[in-house]
Structures are given as C-alpha cells and as structure tokens.
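K.L.:
model the following, please.
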Amino acid sequence: MLVAAAACPCPPLLVPEVAAGAAAELDAARAACADAVGVLAAARPDRLVVVGPAAPDGRGAHPQGARGSFRGFGVDLDVRLGPDGGSAPERALPPSLAVAAWLLERTGWADAPIEGLGVGEPLAPERCIEVGREIGARAARTALLVMGDASACRTLKAPGYLDERAAPFDAQVAHALGSADLAALAALDAELAQELKASGRAPWQVLAGAAEGADLTGTLLYEDAPYGVGYLVAAWS
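P.N.:
Residues are numbered from 1 along each chain as shown. Below you'll find the model as predicted:
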C-alpha cells in the first residue's frame with residue numbers, strides 16, 4: 001500500500017551546477033522538494049519508487065544503483081539512484097530520474113531500497129492508472145517520488161510559447177496535487193497535456209493509480225512558473 005508520495009518538478013535547472021549563475025532563482029523550489037522528500041522519509045516505507053517521464057530509450061524499470069549524468073547539459077556531474085545495487089545497469093537514467101537521484105543524494109536518502117520507472121509521455125491514462133495500481137500493491141509500505149513538470153507554455157518566452165490554456169491547466173493540476181484528488185488527476189486530458197508540453201501528466205496519473213484506497217491527504221508546497229514552465233511540489237501522507 002502507498003503510505004506517502006511526493007511530486008516534484010524535473011528540470012535539470014533544479015541542479016545548481018546546471019543552472020550556474022541562475023541557480024538562486026530556483027532555491028525555493030529546491031527547498032520545497034527537500035521538504036517533500038522529508039515527508040517520504042518520515043513515513044518509513046519499505047520501498048521507494050521513483051517515477052518520471054522518459055523518452056523511448058529510458059522507458060521501463062531502472063534498478064537501484066542505476067547511474068545518470070548531466071554531461072549532456074554541459075556539467076561534469078554524475079548521479080546514482082540510491083546505493084550501489086550490486087549490478088551494472090546497462091541503461092543510463094533518463095533526465096527526470098537523474099534529477100530525482102540528485103535530489104535524493106542531496107537530502108541524504110537512506111531509508112529504503114529504491115527503484116526507478118521511466119514512463120513515456122504518450123502513455124494512455126488508463127495504462128498509467130494500471131501501472132500505479134501495480135506499484136501500490138507490490139509491497140506492504142511503498143512511497144512514491146513522482147517527477148514531472150506542468151505546462152511549458154505560460155509566457156511568450158516559454159519553451160512552448162504562450163498558450164492561454166496553460167495557466168488553467170496548471171491550476172487544475174495544482175489543486176489536484178494539493179488536495180490528493182485522484183479523480184482529478186486521472187481525468188487529466190492527455191492530448192491537452194501533450195500540446196502544453198506538460199511532462200508530468202503520465203507520472204501524475206501513475207500516482208493516482210498507486211494511491212487508490214490509501215486515503216492520503218495532500219499539501220501543495222510550491223507553485224510557480226519560472227521560465228514560463230509550471231513547477232509544482234506537493235506531499236501526500
């Protein structure tokens with residue numbers, strides 16, 4: 001059963017070395033993410049599952065100890081998803097899970113075994129829910145760290161340019177995450193999310209499936225749109 005969950009954004013800019021001179025602009029987001037991970041640790045789970053959007057080469061399971069890198073963003077920085085798992089994973093972590101690995105290293109996570117799951121952004125809502133249910137049913141006490149951004153269309157200079165649908169969409173997601181509204185997350189429009197470049201849609205719907213029957217309450221810890229991209233942080237316990 002799911003005992004706690006945290007939702008965090010996954011831009012590589014969250015890593016100060018990648019953001020460089022602009023690092024201070026996301027200090028509040030980093031602090032909120034650390035608080036959300038703290039809620040996971042306080043729940044004392046038997047296992048932590050990290051879920052994030054991934055391109056085809058990063059989809060599927062990533063075992064504990066899997067490595068990621070920010071070299072593609074011009075930074076000589078490597079990360080690992082939890083302690084060495086005893087094997088040599090063949091695939092590198094997708095960027096979203098690399099950001100999660102950095103966040104867990106930064107907060108000193110050592111509370112439970114970890115596994116990662118990269119989900120494709122086009123994954124149908126129904127399948128996302130099914131995946132979540134499978135995660136929630138596998139262990140007695142499971143925590144979930146869900147990585148994903150809201151829309152990338154909040155301003156004229158945003159990666160997806162300005163789209164008037166973006167702010168209402170982000171507000172809908174913020175309310176759903178802040179109130180642990182599973183039905184609202186499950187009902188997110190996959191086509192609209194794709195048009196708005198909201199990478200978190202599929203991971204959030206995995207969360208909705210995993211949390212069925214868990215009776216968790218949510219708290220929204222951060223909501224902003226720096227660089228025209230919606231970043232949300234929430235904790236469920």
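
K.L.:
helix/strand/coil for residue 119?
P.N.:
Three-state call for residue 119 (DSSP: H, G, I helix; E, B strand; the rest coil): strand.

K.L.:
okay, now the closest residue to it other than its chain neighbours: neighbour count?
P.N.:
Sequence neighbours aside, residue 202 is the residue nearest to residue 119 in space, at 4.7 Å (criterion: CB to CB, 6 or more residues apart in numbering). Any C-beta I mention is one placed from the backbone N, CA and C, and that applies to glycine too. When neighbours are counted by other CB atoms under 10 Å, residue 202 registers 30.

K.L.:
contacting residues for residue 202?
P.N.:
Taking CB atoms under 8 Å, 6 or more residues apart in numbering as the criterion, residue 202 is in contact with 53, 119, 120, 121, 122, 123, 128, 148, 190.

K.L.:
turn the residues you listed into CSV, including neighbour count and distance to residue 176.
P.N.:
Converted to CSV, the contacts of residue 202 look like this (neighbours: other CB atoms under 10 Å; distance: CB to CB, whole Å):
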residue, neighbour count, distance to residue 176
53, 25, 17
119, 27, 18
120, 16, 21
121, 19, 18
122, 11, 21
123, 20, 18
128, 27, 14
148, 28, 13
190, 18, 15
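
K.L.:
mind checking how far the helix or strand of the chain with the lowest mean pLDDT is from the chain centre?
P.N.:
Within the chain, judged by mean pLDDT, DSSP states H and E, the helix or strand with the poorest mean is helix 16-19; its value is a mean of 92. Remark: helix 16-19 is offset 18 Å from the chain centroid, using CA atoms, centre = their mean, to the nearest Å.

K.L.:
longest helix of the protein?
P.N.:
Criterion DSSP state H: the longest helix present in the chain is helix 27-42.

K.L.:
re the thing from before, what's the least confident helix or strand of the chain in contact with?
P.N.:
Contacts of helix 16-19 with the rest of the structure, by CB under 8 Å, 6+ apart, involve 12, 13, 23, 25, 26, 30, 70, 73, 74, 75, 77.

K.L.:
for the protein, which segments count as helices?
P.N.:
16-19, 27-42, 95-106, 125-137, 166-179, 182-186, 190-195, 201-210.

K.L.:
identify the residues contacting the second one?
P.N.:
Okay, so that is helix 27-42. 4-9, 14, 16, 48, 103-104, 106-107, 109, 111, 143, 145, 221-222, 224, 226, 231, 233-237.

K.L.:
and the residue lying closest to residue 181 once chain neighbours are set aside, how far from residue 212?
P.N.:
Closest residue to residue 181 apart from its sequence neighbours, by CB to CB, 6+ apart: residue 175 at 6.9 Å. As for residue 175, its distance to residue 212 is 19 Å (criterion: CB to CB, to the nearest Å).

K.L.:
okay, now the closest residue to residue 111 other than its chain neighbours: neighbour count?
P.N.:
Nearest non-adjacent residue to residue 111, counting by CB to CB, 6+ apart: residue 41, 4.9 Å away. Look at residue 41: counted by other CB under 10 Å, it has 19 neighbours.
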